[in-house]
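> output the structure for:
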Amino acid sequence: MSKKNIVQFLPYFPPHKWWLETHAEQWAKWWVKKWFWEVFNMITNFDQNYNDKEKIVFEWTIIGYREKWVENLVVPSLEIISNFPVYKVWSREYKIILRYLKSKKIGIVITRTRFFLTTFIWWVFSRKNKIRWCHIEHGSDYVKLNSAFKSAVAKIYDKIIWKWIFKKTDIIVWVSNACKDFIRREFTERKVEVLYRGVDFPKIKNYTFLTEKYSDKIIVWFVWRLYKWKNIETLIEAYRWLDKVLKNKIQLVIVWDGEDLDRLIQLDIKKDIYFTWWKSFEEALELQSQFDIHFHTSSPGWGLATTLLQAMKLWCFIIATPYEWANEVIVDEKNWILLKDDSLKEIQSSLIKSIDMLEKKKDFASVNQGVIKNKFRWEVNIEKYYKLFDY
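Model (predicted):
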C-alpha cells in the first residue's frame with residue numbers, strides 16, 4: 001500500500017486530562033513507532049504550552065510543535081459551553097494550518113467520539129478533499145449533562161446528526177463491545193471489529209508515601225476525574241456508614257480533581273478521607289501502586305477507565321461496577337469482584353466482602369496479567385489498525 005499520512009482531529013489533547021486524549025496521544029506514538037506513515041494531530045489550544053518543545057513554523061507562523069515524531073498542530077479555540085470546544089475557524093492560524101495540511105498529502109482522516117463539532121467539521125473536510133475517513137468511537141451512552149433538559153437536547157442533536165453520519169463514514173472502529181452494542185442499537189448496524197486501546201506504563205519509582213502514612217490500614221481508593229457519572233459520592237456514603245470497627249481498618253483515598261471535588265469534600269463530614277487533589281499521570285500511578293483495593297464505581301456511560309486497566313496491571317484488588325465496560329475485563333470472583341450495579345447497597349457490601357478476600361489478591365492478579373497481555377497491547381492493536389487502513 002502506498003504511503004498515506006494521517007491527521008487526527010481532536011477536541012482536546014494532553015496535558016488536558018481525559019482518557020480520550022491519552023488514547024489519541026498513545027495511538028499516534030505507536031503508529032509512528034511502527035514506521036507507518038506520518039501522523040498530524042489537529043488539537044485545540046486548551047492547556048497547551050509548548051515553549052520548551054520543537055516548534056513547527058509555516059508561513060512565518062508558529063502553528064504547533066513536534067513530540068515523539070508526531071506533529072501537534074494547535075488551533076485557537078473556544079468552548080461554547082463547558083467541555084464543548086469549537087475551532088476559531090475565522091482565525092489566521094486556522095487557515096494557515098489548513099494550508100499546511102494540504103501540503104502533507106493526507107490519506108486518512110481520523111475523528112474520535114461523535115457529538116463534538118470538531119468531529120462534524122472534519123467529516124466535511126474529508127468529503128470536500130476526497131480523503132478516506134475513519135471514525136473511532138469511544139462513547140457507550142448518550143451524553144449526560146447537568147440538567148434533564150440539556151441532556152434531552154443533546155440526545156436529539158446526537159440522534160439527528162450521527163445516525164446520518166455513521167452511514168457515511170468509510171471506517172468505524174469501536175473501542176469496546178459496550179460501545180459497539182450501543183452504537184449498533186442506536187445509530188447503525190454496520191459490523192466493525194472492536195479494537196481495544198493499549199496501555200502504556202512508565203517506569204514506576206519506589207514510592208511509599210501512602211503505605212508509610214497509613215501503615216496500619218487497608219488502603220481503599222478511587223482515582224480519576226471527579227465527576228458525577230463516576231459515582232464517587234456513593235463510595236463516600238458506603239465508607240461513612242461502615243461500622244466503627246471495620247472503618248478503623250480502612251483508609252479511603254481519593255486521587256485527582258474534577259467538577260465535583262468541592263462537593264465531595266463537603267460530604268466528608270468527619271474529615272477522615274484523604275483527598276490528594278490533582279496529580280500528574282506519573283504521580284497518580286505511583287500512588288496507585290501502593291493501594292490495596294481499587295474501586296471502579298462508575299455509573300452507566302462513557303468508555304473504559306484507563307485507571308481500571310492500570311489497577312489490573314499493578315496487582316490491586318479490584319471492586320468494579322459493570323459500567324464503562326468493566327464487565328468486559330472483570331469476571332466476578334475470577335479476577336476480582338464485579339458488582340450488579342452502582343447502588344450504595346452493592347458498593348458497601350462489596351467493600352465489607354473484600355476485606356475477607358484479600359488473600360486471593362495474588363491469584364486474581366495473575367489472571368489480570370493475561371487479560372492485559374492478550375487484549376491491551378499497543379504493539380498488537382496498532383497492527384490491526386494498519387490492516388484496517390490497507391486498501
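> make it CA atoms for all contacts and neighbour counts henceforth
Will do.
> what about R240, how many neighbours?
A count of nearby residues for R240, using other CA atoms under 10 Å, gives 19.
> now the most far-flung residue of the chain relative to its centre: which helix or strand?
What lies farthest from the middle of the chain is V245; by CA atoms, centre = their mean that is 36.9 Å. When elements are assigned from DSSP states H and E, V245 belongs to helix 244-247.
> next structured bit after that helix?
Per DSSP H and E, the helix or strand that comes after helix 244-247 is strand 250-255.
> helices or strands next to that next one in the packing?
strand 218-223, strand 274-277 (3 or more CA pairs under 8 Å, 6 or more residues apart in numbering; DSSP states H and E).
> now that strand against strand 218-223, angle please.
Inter-element angle recorded for strand 250-255 and strand 218-223: 20 degrees (by axes from the mean of the first three to the mean of the last three CA atoms, to 10 degrees).
> right, and the helix or strand after strand 250-255?
Downstream of strand 250-255 (by DSSP H and E), the next one is helix 261-267.
> pull out the buried residues from that following helix.
Within helix 261-267, the residues scored as buried using 16 or more other CA atoms under 10 Å are L261, L264, I265.
> hey, C-alpha coordinates of it in CSV?
Output in CSV follows, covering the C-alpha atoms of helix 261-267 (Å, rounded to 0.1, in the frame of the first residue of the first chain):
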residue,chain,number,x,y,z
LEU,A,261,-14.2,17.9,44.0
ASP,A,262,-15.6,20.7,46.3
ARG,A,263,-18.9,19.0,46.7
LEU,A,264,-17.3,15.6,47.6
ILE,A,265,-15.0,17.3,50.1
GLN,A,266,-18.2,18.7,51.8
LEU,A,267,-19.6,15.2,52.1
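> averaged pLDDT, that helix. What do you get?
Mean pLDDT, helix 261-267: 90.
> please enumerate the helices of the stretch 51-200 of the chain.
Using DSSP state H, counting those that start in this stretch, the helices assigned to the stretch 51-200 of the chain run over residues 92-102, 117-128, 148-168, 177-186.
> A311 touches Q288, doesn't it?
Yes - when contacts are counted by CA atoms under 8 Å, A311 is listed as touching Q288 (7.2 Å).
> what's the burial count for R185?
10.
> circling back to that earlier point, distance to A24 added to the buried residues of helix 261-267, as CSV?
As requested, these are exported to CSV (distance: CA to CA, whole Å):
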residue, distance to A24
L261, 26
L264, 30
I265, 32
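> now, which of those residues sits nearest L339?
L264 (22.6 Å; CA to CA).
> CA atoms only for the helix holding V245, dumped as CSV, please.
Extracted as CSV, the C-alpha positions of helix 244-247 are listed here (Å, rounded to 0.1, in the frame of the first residue of the first chain):
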residue,chain,number,x,y,z
LYS,A,244,-16.7,1.6,63.7
VAL,A,245,-14.5,-1.5,64.0
LEU,A,246,-14.3,-2.1,60.2
LYS,A,247,-13.9,1.6,59.4
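> and that helix, what does it pack onto?
Using 3+ CA pairs under 8 Å, 6+ apart: helix 244-247 touches no other helix or strand.
> quick one on the thing from earlier: could you dump the helices of the stretch 51-200 of the chain to JSON lines with distance to D47 and mean pLDDT?
Shown next, in JSON lines, are those (distance: least, CA to CA, whole Å; pLDDT from 0 to 100):
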{"stretch": "helix 92-102", "distance to D47": "17", "mean pLDDT": "94"}
{"stretch": "helix 117-128", "distance to D47": "17", "mean pLDDT": "74"}
{"stretch": "helix 148-168", "distance to D47": "26", "mean pLDDT": "78"}
{"stretch": "helix 177-186", "distance to D47": "28", "mean pLDDT": "82"}
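> ranking those by burial, who's on top?
Stretch with highest mean neighbour count among the helices of the stretch 51-200 of the chain: helix 177-186 (a mean of 18; mean count of other CA atoms under 10 Å).
> hang on, the earlier thing: turn the helices and strands packed on strand 250-255 into a markdown table, including mean neighbour count, mean pLDDT and distance to K361.
A markdown table is the format used below for the helices and strands packed on strand 250-255 (neighbours: other CA atoms under 10 Å; pLDDT from 0 to 100; distance: least, CA to CA, whole Å):
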| stretch | mean neighbour count | mean pLDDT | distance to K361 |
| --- | --- | --- | --- |
| strand 218-223 | 22 | 86 | 13 |
| strand 274-277 | 15 | 88 | 24 |
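> what's the burial count for K387?
K387, neighbours per other CA under 10 Å, totals 9.
> swap that for R377, please
Counted with other CA under 10 Å, the neighbours of R377 add up to 16.
> buried ones in stretch 213-233?
For stretch 213-233, by 16+ other CA under 10 Å, it's 217-233.
> no wait, stretch 31-43
Quick answer for stretch 31-43 (16+ other CA under 10 Å): W31, V32, F36, W37, E38, V39, F40, N41, M42, I43.
> now it: mean pLDDT?
For stretch 31-43, the mean confidence score works out to 91.
> got a list of contacts for it?
Here stretch 31-43 makes contact (CA atoms under 8 Å, 6 or more residues apart in numbering) with 3-13, 28, 69-75, 382.
> same question, stretch 89-107
Residues outside stretch 89-107 that contact it (CA under 8 Å, 6+ apart) are 4-7, 58-59, 61, 63, 73, 75-76, 87-88, 131-132.
> what subset of those residues is buried?
K4, N5, I6, V7, I63, L73, V75, P76, Y87, I131, R132.
> a markdown table for these, including distance to F149?
Compiled in a markdown table, the buried ones among the contacts of stretch 89-107 are given as follows (distance: CA to CA, whole Å):
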| residue | distance to F149 |
| --- | --- |
| K4 | 44 |
| N5 | 42 |
| I6 | 38 |
| V7 | 35 |
| I63 | 39 |
| L73 | 36 |
| V75 | 31 |
| P76 | 30 |
| Y87 | 26 |
| I131 | 37 |
| R132 | 36 |
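> ok, the residues you listed vs I204, which is closest?
Nearest to I204 among those, with distances taken as CA to CA, is L73, at 30.6 Å.
> would you agree that closest one is in contact with I62?
No - counting by CA under 8 Å, L73 stays clear of I62, with 9.2 Å between them.
> L285 is in what secondary structure piece?
Short version, using DSSP H and E: L285 is in helix 281-288.
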